[in-house]
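In: Pasting the sequence and the predicted coordinates here, then a few questions.
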Amino acid sequence: MAESLIIHLRNGASPQWLVCNSGGEIIVNPMSGTLPQAVTMSAGRRVVAIVPAGEVVTTDSDAPAKGAARLAQVVPYALEERVADEIENLHFAIGERGENGRVPVSVVARRRVDEWLAELRAAGLAPQAIYPEQALVPAMPGQLIVLIDGETTILRTADAPPVVMPTLSLADAFELVLATQRSPVAGLEPAPLGCLLYADQEAWEAHGDAVDAFRDRFTNLKVQLLPAGPITVLAAAAAAGEAVNLLQGSLAVASPLEQGWRAWRIAAGLAAALLLLHVGWRGYELTRLHKSEAALDASIDDAFRAAMPGQQNTTNARRRVAARLAEVRGGGGHGTLLPALAAIASARSAAPTTTIEGITFREGTLNLILNAPDAASLDAIGKQLRAASWQADIVGGSLSGESYRGSLRVRKGGA
C-alpha cells in the first residue's frame with residue numbers, strides 16, 4: 001500500500017508527524033519536533049498536512065450548479081452570508097456532492113493557506129494535500145464523535161457537518177449538537193446517540209466532569225485516551241484522502257507524474273520539434289526525388305521515341321532501351337550493327353572517295369545511302385562485303401551531277 005507522511009500543525013505546540021499507509025495502519029509511530037526533522041521521512045511518500053480546526057470553517061451547500069468549475073464560481077456567493085470576511089480574501093475548497101444532494105465546503109483565509117505552505121516548503125516539505133482537523137474526525141452512524149484537542153473541541157455526527165467549539169464551552173457544544181439532531185423520518189423523535197470521546201489524559205482530567213454531566217443523554221459513553229495526541233485518530237482519513245483537500249484551484253498541486261512531465265516538457269518539446277523538422281525534411285526530399293524521377297522518365301520517353309522510331313508505346317521504356325543496348329553490344333540475334341559497321345569501314349577501302357550520307361538499322365539489316373564517284377565504286381564495296389561473308393545488295397542508285405548516289409542493303413551472310 002502507498003504510504004503517507006502525515007504532519008499535524010498545532011497552534012502553540014510543536015508539530016507532530018507519523019507515517020501511515022492507505023489502509024490506516026501506522027508504519028512509523030508519532031513523533032514531534034521541528035519540521036526539517038520530518039523531511040527525511042518524506043522521500044517516496046505522499047506528504048499530507050493537518051491544520052487546526054479553528055482556522056477553517058467546514059460547512060455544506062445546496063448550490064444546484066453542476067461541474068467543479070461551475071460550483072467554484074457559485075458556492076462562494078451562496079455562502080457569503082455565513083462567512084465573516086470578504087469572499088475575495090477567502091479560499092473555498094469544494095468536495096463531491098453527497099447522497100443528500102449537498103456539497104461539502106471548507107472555507108479558509110487565503111493568507112493562512114499561503115502561510116502554511118510557506119512554512120512547510122521552507123522546511124523542505126512539498127505537501128500534496130492539506131486537511132482541517134474536523135474533516136478527518138471519523139463519522140459513525142448512531143454515534144457522536146468528540147475530539148478534544150487543547151483549547152478546541154470537535155463534535156461530529158454522521159449526517160451533519162462537524163461542529164467546532166472552544167473546549168471551555170464543552171457543555172454548550174453538547175447541547176448544540178443534541179438540539180440540532182434530526183430524525184431520518186419526519187415527525188418522529190431523533191434516535192438516541194451514543195458518544196465516543198477522544199482526549200489526552202490532561203484534557204480528560206480537566207473536562208471529565210463536564211462530559212459525565214451528559215452521560216444520561218447518550219445511550220452509552222466511551223472515552224479513549226490518546227497518549228500520542230489527536231494525530232493517531234486523524235491519520236487514517238488523511239492517508240486515505242477521505243476529506244476535502246484545501247489545495248484546489250490555483251493552489252492545486254501537480255501529481256508526481258505531472259511534475260515529472262513539467263521537468264521534461266522542454267526536452268520533450270525540443271525532441272518533438274526535431275522530429276517534425278526531420279519528417280518535414282524527409283518529406284521535402286521525397287517530393288524532390290519524385291519530381292526528379294518524373295523529369296527523368298519524361299527524358300527517357302523522349303530518348304526512346306528518338307532512338308526507336310515507330311515504338312510509341314513507352315511503357316517500360318527504360319527496360320526496353322536497356323535490353324536493346326545489351327542486344328546490340330552483345331552482337332547476339334539481330335544485334336549485327338557493330339560488326340556490320342566494322343565490315344563497311346573495311347570494305348570502303350575499295351572506293352576510298354565514297355562517302356556515307358545516311359544509315360538506318362532495323363531487325364539486323366543495315367541500309368546505307370552512299371555517294372560514290374560511279375556505280376562501279378558502289379559495286380566494289382559490295383564485293384568486299386560479300387567477300388567478308390556479308391550479304392550486300394545494291395537496291396537502287398542514280399547519277400547526281402558528277403557522282404553516283406545509291407542504296408546498299410547489308411545483312412549477315414545467310415540471314
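Out: Ah, there it is.

In: Per the annotation, how does the protein divide into domains?
Out: Split into domains by automatic domain parsing, the chain comes to 3-253, 257-329, 331-412.

In: all strands of the stretch 301-415 of the chain, in order?
Out: For the stretch 301-415 of the chain, applying DSSP state E, counting those that start in this stretch gives strands covering 355-362, 365-372, 390-400, 403-412.

In: hey, where'd the helices end up in the chain?
Out: Here the chain has its helices, by DSSP state H, at 68-78, 110-122, 133-136, 170-179, 201-212, 231-240, 256-307, 317-330, 337-347, 375-387.

In: so where's the chain uncertain?
Out: 182-188, 254-265, 303-318, 320-336, 414-415 (pLDDT under 70).

In: CA atoms of stretch 286-300 as CSV?
Out: Below are the C-alpha coordinates for stretch 286-300, written out as CSV (Å, rounded to 0.1, in the frame of the first residue of the first chain):
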residue,chain,number,x,y,z
LEU,A,286,10.8,12.6,-51.2
THR,A,287,8.9,15.3,-53.1
ARG,A,288,12.1,16.5,-54.8
LEU,A,289,13.0,12.9,-55.7
HIS,A,290,9.6,12.2,-57.2
LYS,A,291,9.9,15.4,-59.3
SER,A,292,13.4,14.3,-60.5
GLU,A,293,12.1,10.8,-61.3
ALA,A,294,9.2,12.3,-63.3
ALA,A,295,11.6,14.5,-65.3
LEU,A,296,13.9,11.5,-65.9
ASP,A,297,11.0,9.4,-67.1
ALA,A,298,10.0,12.2,-69.5
SER,A,299,13.6,12.4,-70.8
ILE,A,300,13.7,8.6,-71.2
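
In: what sits against residue 344?
Out: 356, 366, 368, 381, 385, 410 (C-beta atoms under 8 Å, 6 or more residues apart in numbering). (Glycine included, C-beta is placed from N, CA and C.)

In: Now residue 95. Its backbone dihedrals?
Out: Backbone torsions for residue 95, taken as degrees, to the nearest 10, come to phi -100, psi -170.

In: Would you agree it is in contact with residue 244?
Out: Yes - using C-beta atoms under 8 Å, residue 95 is in contact with residue 244, at 4.0 Å.

In: Can you work out which residues contact both of these two?
Out: 104-106.

In: Just the buried residues of the residues you listed.
Out: 104-106 (16 or more other C-beta atoms under 10 Å).

In: Quick one: those residues as a markdown table, columns for distance to residue 60 too.
Out: Shown next, in a markdown table, are those (distance: C-beta to C-beta, whole Å):
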| residue | distance to residue 60 |
| --- | --- |
| 104 | 5 |
| 105 | 6 |
| 106 | 10 |
